[in-house]
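[1] can't give you the sequence, but here's the structure:
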């Protein structure tokens, strides 16, 4: 136990005595604060805001647009269209000369066979295909729609579906709908957050172990500490640093968001109960233990850091799978077969279970079972990886391959 | 020259005839195929063909026209009428329908609907119901006009001189230059990584001392850069082949691939702007490799180099919507940000000739400068171990003693 503490203390001291650690630790909140400060300053200072805005969007003045209607369908302009926004021209030549004279910014040609072909030509000097999505062009489509229906505006407004839909859900769990963006957003945010937290802390271990292997310090260390002590000390030490780092970052972003004038209370905004935070801590610690030891094992087997970081993908895949599904499976059927299976499978559980917990009701025993399975996996993997820290595995300069890794994990190397 | 060629050939062989390179080469198309598969899977999961119920109080659905057939991959959803809400409700509770819509009496004037469900109706089924409503709304209208209203218009945007035109369905043509630029950037960084690694490796295992007895530093450096750029181009050519095959295969079944063609302007931009940027990144990577003593240190610095390249990526939305804003013009001139910015803009606007010329001149000058920097850093740092080369040493006058 004493030796574990020694390793732990040494890891913490080594990391925090590196200038680059402090640079990242303090630099990130500092950049955040600067950005927030800058935005706040722009908000107060409208003149500056306008010039910044202009630098990004260029001079934006909405010029009138010309319309050359060869089909004869445009007979009236709905009254909500501002006067002078569209100017009719009898033929293309006159529209072109108006364009050249700068009277209009662009013009439409509605061909004679418009009703059959549906084709409209839009002549724009700057040729931006995205300009068909602007407010002005949607007003033009509205004019066409109303005129095709002989001026019946009420009917025209119903062509693309109802104007308003009232949703009633008979289901007990909250539903994900377009009206409730927060509910759509929450599982995704939780997934990303846990993914980043766990992998961020775990990858510290990868570089740590592979570096000590590269410069052969680890061989000397193992003469006086057992592999299990070394690994537990490292996992605990770097885990504490990772946790501290995340708390600092989350704390600063919380403070910054509040400072910026928007009250933003994550827990109440998402309606997250206290139990969610407790489970969050449990799954973070267990998930971290599993992934940190897997990373350490990778570091022990790969000949150098470069090769080690190339192969981390193999390990990260189970943790990434819930991310792919966070917007579909987890948001819509958080208690379906796939979501439940992913939240029970230990390697994807830390992210998947938290995502499910954030979406709504999970049967009470499921987090317990999942955490138990994860804890058992963590113990097994820590032991297996400690077994990998043997001279044979550490000394060989052979390249990394998945087969060796799996065999070493099973203790058959 | 002969020796430069030898170094280049050796560098090329070492990287290309290597299992990991082939794996990396194949992994990009594989990942793309995987992503497309995943998207199709998610789309097909949205398909729920359980019937939709409706209660019509407005009366225009009493003898309804059938809903128009949905576009694949969406499957048709049957529409079932109910006389009142309680009947529909019991059907919903027994699972005969996935949801029911209530069309109120004043729908044709107020345009308001209500929907009752256990799980929200997904987009494919919802769109079919709305199409069903529209079809019945327009039943008394002239069929040609009704069809036009439902289908909408196809707007073709044309430049004033008529040289370029793109219609609404051709979004792929708009983003195609951007895809090309992203491919180049990925290749740029992977080959740049090789180059940084190459110099560091030979320093770490002291091969450098032997090589330098028979090759001059300039020849060595030039050979490495040429070899690695060739590796990068190999990567791009292979990816390009994959894309070309994809386009040829998909052209018949996927509408958006129709009309994809590389314009001569895009090719011009690749030659005068992307290629010099490519050389510049390679040379800068080599400079980093020559300055640092350990591979890990170099990796951190390449991260810094990568940041400016991604700035246009982060501003993509603004750039595409305002391709002629001051910031867009500025970013198309600055080395590193230019390749992506200028190709994104190429897709959505007409680039004035002076901008292309100025940007090309800047990129070419930057490339020449970086090569000079790489050569100098290499000569100073090639035999130095344990101590990093300082930046002021590279620029110092009396630094070179070759």
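    Thanks, I have the structure now. The model shown is predicted, which means the values in this text are computed figures rather than measured ones. Residues are numbered from 1 along each chain as shown, chains lettered A, B, ... in the order given.

[2] run through the stretch 301-402 of chain B and note the low-pLDDT ranges.
    B:383, B:385-388, B:391, B:397-402 (pLDDT under 70).

[3] give me the three-state assignment for residue 141.
    Answering for chain A, as no chain was given. Three-state call for residue A:141 (DSSP: H, G, I helix; E, B strand; the rest coil): helix.

[4] hm, I was asking about chain B
    coil.

[5] which non-adjacent residue is nearest it?
    Leaving aside its sequence neighbours, residue B:141 sits nearest to residue A:149 (CB to CB, 6 or more residues apart in numbering or on different chains; 7.0 Å). C-beta: built from backbone N, CA, C; applies to glycine.

[6] check the one you found and give its pLDDT.
    The model reports residue A:149 with a pLDDT of 85.

[7] ditto for residue B:253
    At residue B:253, pLDDT is 61.

[8] what's the answer for residue A:188, then?
    69.

[9] report how many residues lie close to the closest residue to chain A within the stretch 201-350 of chain B.
    Of all residues in the stretch 201-350 of chain B, residue B:325 sits closest to chain A, at 3.6 Å by CB to the nearest CB. Other residues near residue B:325 number 21, with proximity taken as other CB atoms under 10 Å in any protein chain shown.

[10] isn't it up against residue A:52?
    No - checked against CB atoms under 8 Å, the pair residue B:325 and residue A:52 is beyond contact range at 11.1 Å.

[11] give me the common contacts of those two.
    Counting by CB atoms under 8 Å, 6 or more residues apart in numbering or on different chains, residue B:325 and residue A:52 have no contacts in common.

[12] give me the neighbour count for residue A:212.
    19.

[13] for it, which non-adjacent residue is closest in space?
    residue A:218 (4.4 Å).

[14] that neighbour: which element?
    helix A:217-221 (DSSP states H and E).

[15] buried set for that helix?
    A:218, A:221 (16 or more other CB atoms under 10 Å in any protein chain shown).

[16] averaged pLDDT, the very next helix or strand once past that helix. What do you get?
    Using DSSP H and E, the helix or strand that follows helix A:217-221 towards the C-terminus is helix A:227-259. The average pLDDT within helix A:227-259 is 79.

[17] who does helix A:227-259 touch, helix- and strand-wise?
    Contact here means 3 or more CB pairs under 8 Å, 6 or more residues apart in numbering or on different chains; DSSP states H and E; on that basis helix A:227-259 packs against helix A:2-16, helix A:19-44, helix A:181-214, helix A:274-301, helix A:365-388.

[18] which of those is buried the deepest?
    Neighbour counts (mean count of other CB atoms under 10 Å in any protein chain shown) averaged over each of the helices and strands packed on helix A:227-259 peak at helix A:274-301, with a mean of 22.

[19] what angle sits between that helix and helix A:365-388?
    Here helix A:274-301 runs at an angle of 20 degrees relative to helix A:365-388 (axes from the mean of the first three to the mean of the last three CA atoms, to 10 degrees).

[20] other SSEs contacting the following helix or strand past helix A:274-301?
    Downstream of helix A:274-301, the first helix or strand assigned by DSSP H and E is helix A:305-325. Here helix A:305-325 touches helix A:181-214, helix A:274-301, helix A:337-344, helix A:349-359, helix A:402-409, helix B:295-314, going by 3+ CB pairs under 8 Å, 6+ apart.

[21] among the ones you listed, which comes closest to residue B:85?
    Nearest of those to residue B:85, taken as CB to CB: helix A:181-214 at 26.5 Å.

[22] ok now that closest one, how far from the chain's centre?
    Remark: helix A:181-214 is offset 12 Å from the chain centroid, using CA atoms, centre = their mean, to the nearest Å.

[23] and that helix with helix A:227-259, angle?
    Going by the same axes, to 10 degrees, helix A:181-214 makes 140 degrees with helix A:227-259.

[24] and helix A:181-214, what does it pack onto?
    Looks like helix A:181-214 contacts helix A:217-221, helix A:227-259, helix A:274-301, helix A:305-325, helix A:329-332, helix A:349-359 (3+ CB pairs under 8 Å, 6+ apart).

[25] repeat that with 7 Å
    helix A:227-259, helix A:274-301, helix A:305-325, helix A:329-332, helix A:349-359 (3 or more CB pairs under 7 Å, 6 or more residues apart in numbering or on different chains; DSSP states H and E).

[26] mean confidence for stretch A:153-173?
    Rounded mean pLDDT across stretch A:153-173 is 79.

[27] on that earlier part again, isn't the residue nearest to residue B:141 up against residue A:156?
    Yes - the criterion here is CB atoms under 7 Å, and residue A:149 meets it with residue A:156 at 5.0 Å.

[28] returning to what we had before: distance to residue B:39 added to the helices and strands packed on helix A:305-325, as CSV?
    Below are these laid out as CSV (distance: least, CB to CB, whole Å):
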stretch, distance to residue B:39
helix A:181-214, 16
helix A:274-301, 28
helix A:337-344, 17
helix A:349-359, 20
helix A:402-409, 28
helix B:295-314, 21
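
[29] can you tell me which residues contact residue A:21?
    residue A:15 (CB atoms under 7 Å, 6 or more residues apart in numbering or on different chains).

[30] quick one: it from residue A:364, how far?
    Counting by CB to CB, to the nearest Å, the gap from residue A:21 to residue A:364 is 41 Å.

[31] now residue A:76
    For residue A:76, the distance to residue A:364 - CB to CB - is 64 Å.

[32] what about the helices in the stretch 301-402 of chain B?
    B:316-321, B:326-331, B:338-348, B:353-381, B:391-395 (DSSP state H, counting those that start in this stretch).

[33] same question but for the stretch 1-150 of chain B, I mixed them up
    Using DSSP H, counting those that start in this stretch, helices in the stretch 1-150 of chain B cover B:2-16, B:19-45, B:85-93, B:107-110, B:123-137, B:143-151.

[34] to residue A:315, which of those lies closest?
    helix B:19-45 (16.4 Å).

[35] can you list the domain ranges for chain B.
    With domains defined by automatic domain parsing, chain B comprises B:2-32+B:169-399, B:52-152.

[36] what about the last one, average pLDDT?
    When you say that, I think you mean domain B:52-152. Mean predicted confidence for domain B:52-152 is 85.

[37] how far out from the middle of the chain is that domain?
    38 Å.

[38] for that domain, measure first residue to last.
    26 Å (CA to CA, to the nearest Å).

[39] pLDDT weak spots in the stretch 301-413 of chain A?
    A:304-307, A:309-310, A:326-329, A:331-332, A:360-361, A:391-401, A:411-413.

[40] go again with 90.
    A:301-344, A:346-367, A:379-413 (pLDDT under 90).

[41] got it, and the stretch 51-200 of chain A?
    A:51-65, A:70-88, A:90-93, A:98-106, A:112-200.

[42] for it, which segments count as helices?
    Under DSSP H, counting those that start in this stretch, the stretch 51-200 of chain A gives helices at A:92-100, A:114-117, A:135-148, A:153-157, A:181-214.

[43] quick one: the shortest one near chain B?
    Yes - Helix A:114-117 comes into contact with chain B (CB under 7 Å from any CB of the partner chain), by way of A:115, A:116.

[44] flag every residue of the stretch 251-400 of chain B that's near chain A.
    Counting by CB under 7 Å from any CB, the stretch 251-400 of chain B sits next to chain A at B:295-296, B:318, B:320-327, B:348-350.
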